[in-house]
Every structure is written in C-alpha cells, then in structure tokens.
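Visitor: Structure for the following, please:
(one chain, ligands or ions: 1)
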Amino acid sequence: MTNPLYDMLFAPLGHADRPLLHLADGRQIGAADFAALVSRLGNGLRAAGVLPGDRVAVQVAKSPEALALYGATVGVGAVFLPLNTAYTAAEVDYFVGNAKPRLFVCDPKAAAALTPICAAHGADILCLAADGSGSLADLAEGQEAAFEPTARRGQDLAAILYTSGTTGRSKGAMLSHDNLMSNAQVLARLWQFTDRDVLLHALPIYHTHGLFVASNVSLLTGGQMIFLPGFDADQVLSLLPRATAMMGVPTFYTRLLDDPRLTRDLTGHMRLFISGSAPLLSETHLAFEARTGQRILERYGMTETNMTLSNPYDGPRKAGTVGLPLPGVEVRIMAQGAEVTDGDIGVIEVRGPNVFQGYWQMPDKTAEDLRPDGWFITGDLACRDADGYVTIVGRAKDLIITGGFNVYPKEVEDLLDIQPGVLESAVIGLPHPDFGEAVFAVLARQKDAEPDLDALRLAVTQSLAKFKHPKGYAVLDSLPRNAMGKVQKAELRKTFADRFRA
Ligand code: AMP
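Guide: The predicted model follows:
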C-alpha cells in the first residue's frame, strides 16, 4: 500500500461502474466520476502548493465536491481539517492560527472576511461553493484525471478534527490513517454493511459522525449514499424508501417521530437505523420501535477515539445503553484509580487502534487525557450492567456536587422526562452560597402542554433523596442544542448563573 486510507476508500472507486451518490435534486454521481473528481482535486491541491503533512482547512457546505476534497487531501498526503460551517470569522481566526494550514478552502461568500485572517497566518485561500463551483473547482477542472497518490504510512496523520470544546478552547484531535481505517473496518463488519447498502446520509461532514462513521463505512463497503445537505424531515421521509440504512443523531429520530408519515410501512424495508453523538432517550428508542417495529442501534464514540461501544447487530439492543466494546477496542470504567464494579459509576477510558495521536500542538492537554500506556480518559461517566452493556450517565464536568454530595444529572433527568407536559430536561449545577452548587432543572415543555410543577415536585420527593431535588426550575420551549444534537449545558449554566446568587 502506498497511501493506506486513500487506497482503501478512494482508489477502488476509479474502477467501479456503479452509482455512488444520490443528491437531493435527483442528480446521481457515479463512482468513477467521483474518483475523477478526487483525482483532479488532488492534482489541483498539488498545483496550489500543498505538500505532504500540510493542513488543508475546509469550511464549506456539504457537497460531493467537499467529500471529494477529503479524498484528495488524503491522497496528496496532507491533513484534512474540516471546520463547522457555523463558525464565524473571529472563531476561524483561532483555528487558522492554531493549525497553520497551507490552504484554507471556504465558501465564496466568506472569502472577503477570511482573506485577511488567512493572510495573517500565512494560509492561501481558495473557494468552493455549495453547488461545487469556485476557484478551487476552476483549478481542479484544468487538471488531469490521472492521479498518483503520495506515499504515507499508517501512523501518518490523515485528519485533524477540532473538538466542539464546551469549556476552554477547542482542541485539534490528530487522527492517523490507521485510526480511521481500523474503525471503518470494525464498524462495517459489526453493522454488516455491504455493497447492497444505500445509506441515507443527512449528517454534516465536518464532524466525525458524518465524515468518518457514515462516509468511511459506506465508501469502504462499496455502497451508495443518499447525500443530503442536512436533515429535513420531509426530504428524509420521501427518500427513506430508497435507503437500506440511516445514521443519525437523536434529534433526527425525535423529529421523525413527530411526523405521522413515519410508519411501519414506510420503514419495513430498512435494514438498520443507527443513533449516536448524543444520548438517545429510552423513550425515543421505545416509541420508534412501537411505531415502526425497528430497534434503533445506539453506539458511542467521540472525535478523539472514533467509535468505541455499540449495541450488537445480532443480539439484544438495549434501550438507554450504548452497548458493548467494539472488537479490538478495550474499554474500562474507572474511579479513584481502579476499575469500578458492575453497576457503579466511573469515567470511561478507551485503548485501541482507534484512539487518536494526541491534541495538535497541545502536549500538556494530551498528557492530561492520554495516559502513556495508551488509555484515553474520555471524561464521560458511565456504568456497566451484568451483561457488559454500558450506560452513559453524562460528562464528568456536568457532575453536580451539592453540599458535598454527588448528583448525576441523568438520574434526575430520567425522572423529569417522564412527567406530564415535559418533553425533555437538562439538570445542571449552579453556584449556590450555601451548597457550593445547587441542582437546577431546565424543562422543555411538550407541544401544547405545560408541566405541572407542583405535581412534578411531588414526584421528585417520592423518588429521589432530598439532596438530589432541584432547588429551582425553568421551563423553556426547547433546550439549546448544537448541530450534532448535543444539549448545550454550558450555555444553560451561563444563562441561569445568577439564579441562587445572593
Ligand atoms: P464528539 O467528539 O463531538 O463526537 O462528542 C463526543 C461526546 O458525545 C462523547 O464524549 C459523549 O459525551 C457524547 N456521546 C456520543 N455518543 C453518545 C451516546 N450514544 N450517548 C450519550 N452520549 C454520547
């Protein structure tokens, strides 16, 4: 192998006579045409002066060209660095200053604001619009379709993905060819993807879920993708009959459940629904099964580790759990320097070929989270049942310590979520003069309903020890979430920070 990831995912497309991408507007892109696009972009990157090891930062709308740019960057031995399209120019300044890319590819509309930022950090700028046009496309068009990938080793970097970073600055997770290849291979086998699969792909491709879990697995197994710019319930419901599998974040599933067109008939042909990136409520899992007969397969992972735990394909998929360690991946749950016993809560640690190479130019942060013997400290709290299934109970930094007692938000949220009028809840710790932190509950109301706070307080009193009772409640129309469906607890803590201050 000359370039492990390119050879595995992109090189084979050149010889394939089959459709690869189905787009929302009805267009279809064949595998060989896509491979030619990857090749031309690769030659274009070289013409733009991109050298092996250089970072190519990319902040563009999801499109076939954007996916091809990932292949091209890997092909020339450079490091693909996708950025969330929501980042403002001021935020991009940090990423460009930190990653020092050779080239920054942006939407033509953002070029005016980003050009001085890139110039200040020594990065060239090229444009790629959502429709595939722009200066990068022009450069690629004049290139040959013959392309020779640059030789790389398995441990060389293929990508840097910045973590969403709810506290402090976001960190660049360095991912090697081997990291990405091993995870794609394990997932493809475990979830039984084949060249007969058509994956409904409505996730963003600047994040590990849409870029690596979804795209890599599909490319590896020779499948096709219905490649949508984002999640739109109408579009997804109309295209589901053409798909065999879908990967989504929990909000995809709650939005589908909100629509009466989601039925057993509509989904009967589907082989697999997968959820991850944020907790899927047991309630959602059970409601989806009751409506469609399909048991959503929930899995867990993070940018730094790729995927690490998954419910089985064959075998019980337990609602509310993220399943068992992937083959070849070690998982342990630690508290006070030792593994906890089943049922007790601790921090998940992960070791295996999937675990990243460290944080880009942050040796101290790397040393804090990645032990010398290869165990990565995820910061996620979890417990394991007698069958080995792991349940995530939240982030360690979301643990509330009130008057010296530990409160795991999920335990309180699970109770609040099932109260009448409550759609979902987020339990957070707020500064409190006596208790250090006070438990505070933010509730999202159900459509056309209002939670009855007195009844809710009574339910809490009857079920939970007093120190776990929320000392205050707020009711909102919805909880703040990011594009991956994660509830933004840091934002809630900021909004309600003064609630208990004297
Ligand atoms: P990211 O690096 O953006 O993929 O975020 C990773 C984080 O998302 C993990 O550390 C978990 O806190 C959370 N996460 C991912 N999958 C799940 C899941 N199935 N259930 C609960 N939390 C999850």
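Visitor: contacting residues for the spatially closest residue to His201 that is not a sequence neighbour?
Guide: What sits nearest to His201 in space, not counting adjacent residues and going by C-beta to C-beta, 6 or more residues apart in numbering, is Met225, at 4.5 Å. The C-beta positions use only the backbone N, C-alpha and C, and glycine is treated the same way. Going by C-beta atoms under 8 Å, 6 or more residues apart in numbering, Met225 touches 20-22, 198-201, 214-215, 218.
Visitor: and the one helix or strand Met225 maps to, which strands flank it?
Guide: In the assignment (DSSP states H and E), Met225 maps to strand 224-227. Paired strands of strand 224-227, with direction, are strand 19-23 (parallel), strand 198-201 (parallel) (DSSP bridges).
Visitor: avg pLDDT for that strand?
Guide: Strand 224-227 shows an average pLDDT of 98 in the prediction.
Visitor: Could I get the buried residue list for that strand?
Guide: Buried residues in strand 224-227, counted by 16 or more other C-beta atoms under 10 Å: 224-227.
Visitor: Max pairwise distance over those: which two?
Guide: Pairwise distances across the buried residues of strand 224-227 (C-beta to C-beta) peak at 9.2 Å, for the pair Gln224 and Phe227.
Visitor: Touching, Val412 and Val442? I think so.
Guide: No - look at Val412 against Val442 with C-beta atoms under 8 Å: they stay out of range, at 11.3 Å.
Visitor: These two: who's more crowded?
Guide: For Val412 versus Val442, neighbours defined as other C-beta atoms under 10 Å are more numerous around Val442 (25 against 22).
Visitor: Can you classify that one by secondary structure?
Guide: Of the three states, Val442 takes strand under DSSP: H, G, I helix; E, B strand; the rest coil.
Visitor: tell me, what's touching Gln224 and Phe227 both at once?
Guide: Common neighbours of Gln224 and Phe227, counting by C-beta under 8 Å, 6+ apart, are 21-22.
Visitor: who's in contact with the biggest helix by length in the chain?
Guide: Selection of the longest helix in the chain by residue count, based on DSSP state H, yields helix 31-47. Residues from elsewhere that reach helix 31-47 (C-beta under 8 Å, 6+ apart): 10-11, 13-21, 29, 56, 64-65, 68-69, 71-73, 75-76, 78, 103, 136, 139-147, 149.
Visitor: same thing with stretch 250-267?
Guide: Contacts of stretch 250-267 (C-beta under 8 Å, 6+ apart): 202, 231, 233, 236-237, 240-241, 246, 273, 275, 277-281, 284, 287-288, 291-294, 296, 481, 485.
Visitor: any idea what sits nearest Ala243, other than its immediate chain neighbours?
Guide: Counting by C-beta to C-beta, 6+ apart, the residue nearest Ala243 is Leu200, at 4.0 Å.
Visitor: can you check Glu349 too?
Guide: The shortest distance from Glu349 to any non-neighbouring residue, by C-beta to C-beta, 6+ apart, is to Trp375 (4.5 Å).
Visitor: And for Asp107?
Guide: Closest residue to Asp107 apart from its sequence neighbours, by C-beta to C-beta, 6+ apart: Val60 at 5.6 Å.
Visitor: Now do the contacts for the one you found.
Guide: Contacts of Val60 were listed using C-beta under 8 Å, 6+ apart, and they are 66, 69, 85, 105-107, 128-130.
Visitor: Now do it against Leu262, distance only.
Guide: Distance from Val60 to Leu262, counting by C-beta to C-beta, to the nearest Å: 31 Å.
Visitor: just Gly328 next, same as before
Guide: 36 Å.
Visitor: and these two? which has more neighbours close in?
Guide: Ranked by neighbour count (other C-beta under 10 Å), Gly328 and Leu262 place Leu262 first, with 20 against 12.
Visitor: now that one, what's its secondary structure?
Guide: Three-state call for Leu262 (three-state DSSP): coil.
Visitor: Look at the most centrally placed residue in the chain and tell me its secondary structure.
Guide: Of all residues in the chain, the one closest to the mean position by C-alpha atoms, centre = their mean is His209, 3.9 Å from it. Here His209 is recorded as helix under three-state DSSP.
Visitor: pretty sure it is touching Ala202, no?
Guide: No - in this structure His209 lies outside contact range of Ala202 using C-beta under 8 Å: 10.9 Å.
Visitor: What residues does the stretch 401-502 of the chain have near the ligand?
Guide: Taking C-beta under 6 Å from any ligand atom, the part of the stretch 401-502 of the chain that reaches the ligand is made up of Met484.
Visitor: closest point of the stretch 401-502 of the chain to the ligand, which residue?
Guide: Relative to the ligand, the nearest point of the stretch 401-502 of the chain is Met484 (5.7 Å; C-beta to the nearest ligand atom).
Visitor: and that residue, that one's in a strand?
Guide: No - counting by three-state DSSP, Met484 is not part of a strand but coil.
Visitor: I'd like the average pLDDT over stretch 27-47.
Guide: When pLDDT is averaged along stretch 27-47, the result is 98.
Visitor: Please identify the buried residues of it?
Guide: Residues of stretch 27-47 classed as buried: 29, 31-46 (neighbour count, 16+ other C-beta under 10 Å).
Visitor: Run through the stretch 401-502 of the chain and note the low-pLDDT ranges.
Guide: For the stretch 401-502 of the chain, the stretches with pLDDT under 70 are 502.
Visitor: can you map out the helices along it?
Guide: 409-417, 453-463, 489-495 (DSSP state H, counting those that start in this stretch).
Visitor: Alongside the ligand, which residues does this structure contribute?
Guide: Counting by C-beta under 6 Å from any ligand atom, the residues of the chain close to the ligand are 163-164, 208, 276-279, 298, 300, 302-303, 322, 378, 380, 392, 395, 484.
Visitor: again, 5 Å this time
Guide: Within the chain, the positions adjacent to the ligand are 164, 276-277, 279, 300, 302-303, 322, 380, 392 by C-beta under 5 Å from any ligand atom.
Visitor: contacting residues around the residue nearest to the centre of the chain?
Guide: Taking C-beta under 8 Å, 6+ apart as the contact definition, His209 lies against 203, 247, 249, 276-277, 484.
Visitor: would a markdown table of these with distance to Val92, neighbour count and secondary structure be doable?
Guide: Converted to a markdown table, those look like this (distance: C-beta to C-beta, whole Å; neighbours: other C-beta atoms under 10 Å; DSSP: H, G, I helix; E, B strand; the rest coil):
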| residue | distance to Val92 | neighbour count | secondary structure |
| --- | --- | --- | --- |
| Leu203 | 22 | 27 | coil |
| Met247 | 28 | 26 | strand |
| Val249 | 24 | 25 | coil |
| Gly276 | 27 | 27 | coil |
| Ser277 | 23 | 25 | coil |
| Met484 | 19 | 19 | coil |
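Visitor: Just flag the most distant two among the residues you listed.
Guide: Longest span within the contacts of His209, C-beta to C-beta: Met247 and Met484, 11.9 Å.
Visitor: Leu240: neighbouring residues, count only.
Guide: Counted with other C-beta under 10 Å, Leu240 comes out at 20.
Visitor: How is the protein divided into domains?
Guide: Using automatic domain parsing, the domain ranges for the chain come out as 4-14+29-152, 200-395, 400-495.
Visitor: Tell me which of those domains sits nearest to Met181.
Guide: Evaluated over the domains of the chain, closeness to Met181 peaks at domain 4-14+29-152, with 5.8 Å, by C-beta to C-beta.
Visitor: Partner strands of the lowest-mean-pLDDT helix or strand in the chain, with direction?
Guide: Lowest mean confidence among the helices and strands of the chain (mean pLDDT, DSSP states H and E): strand 405-407, at a mean of 88. Take DSSP bridges as the rule and strand 405-407 pairs in its sheet with strand 400-402 (antiparallel).
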